[in-house]
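J.: for reference, the sequence and a predicted model appear below.
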Amino acid sequence: MIKFDKKIIGTNVKLLREALGLSQVDFSHLVEVSPGTITNLEYGRASNSLSTLEKLLVFFNIEMNDLLYGEISIPADFRESFINEHKTNKELLNLLHKRPTIVYAIKFKLLKSNFLDKPREIGEVKAYFEKFGWSFLGTSISNALKRMPDSIEIKKHQTKLNTNEYSRKKYNDGE
């Protein structure tokens, strides 16, 4: 009997869902499983039934090995390619043309650009997202950035009280 590594599957499902900018609820609706199943799957708590895995493989048009072994590689244009590939699926397109999740906006737009190469205030980050037609509350952006300590550096503004500046974390190993 084949044993699946629930953590690897969960990590890959979460990466794929986030790369599309979908909430767990919207994603669960599209793949026709409960939101609780998606939550449990992403946290490695699900039993990973073959029928659920099959739905995910069909939805993402990927092979079983891609989902099961190692962290999946997400191309920079994943969401755009997915939209183009599924242009006849109106339900999917309606969801993908909505504002994406804030995690998508940060991971796949903000951090893929050079915008945070210099320190920015939340108002600047908010304006950056508005260029894409996405409106997020400044507090939501700030909270999301704080949950990404591996990627984001947060420092107090030198002259403005109660103001933080956010920048891309610089790595010592040349990354």
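T.: Received it, and whenever you're ready, just let me know what you need.
J.: only C-alpha atoms for contact and neighbour calcs from this point on.
T.: Will do.
J.: where does the protein have its least confident helix or strand?
T.: Across the helices and strands of the chain, mean pLDDT, DSSP states H and E gives its lowest value to helix 64-68, namely a mean of 80.
J.: which residue ranges of the protein form strands?
T.: Using DSSP state E, the strands of the chain run over 152-156, 164-168.
J.: so what pLDDT did Arg17 get?
T.: Looking at Arg17, its pLDDT stands at 92.
J.: contacts only, for the nearest residue to Lys14 once chain neighbours are set aside.
T.: Spatially, and ignoring its direct neighbours in sequence, Lys14 is nearest to Glu42 (5.6 Å; C-alpha to C-alpha, 6 or more residues apart in numbering). By C-alpha atoms under 8 Å, 6 or more residues apart in numbering, Glu42 lies in contact with 7, 9-14.
J.: again with Ser23
T.: Contacts for Ser23 (C-alpha under 8 Å, 6+ apart) come out as 17, 101.
J.: which pLDDT value belongs to it?
T.: Looking at Ser23, its pLDDT reads 93.
J.: re earlier: pipe the contacts of Glu42 into CSV and attach distance to Arg120 and neighbour count per row.
T.: Below are the contacts of Glu42 laid out as CSV (distance: C-alpha to C-alpha, whole Å; neighbours: other C-alpha atoms under 10 Å):
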residue, distance to Arg120, neighbour count
Lys7, 35, 17
Ile9, 35, 26
Gly10, 33, 24
Thr11, 30, 20
Asn12, 31, 23
Val13, 31, 24
Lys14, 28, 19
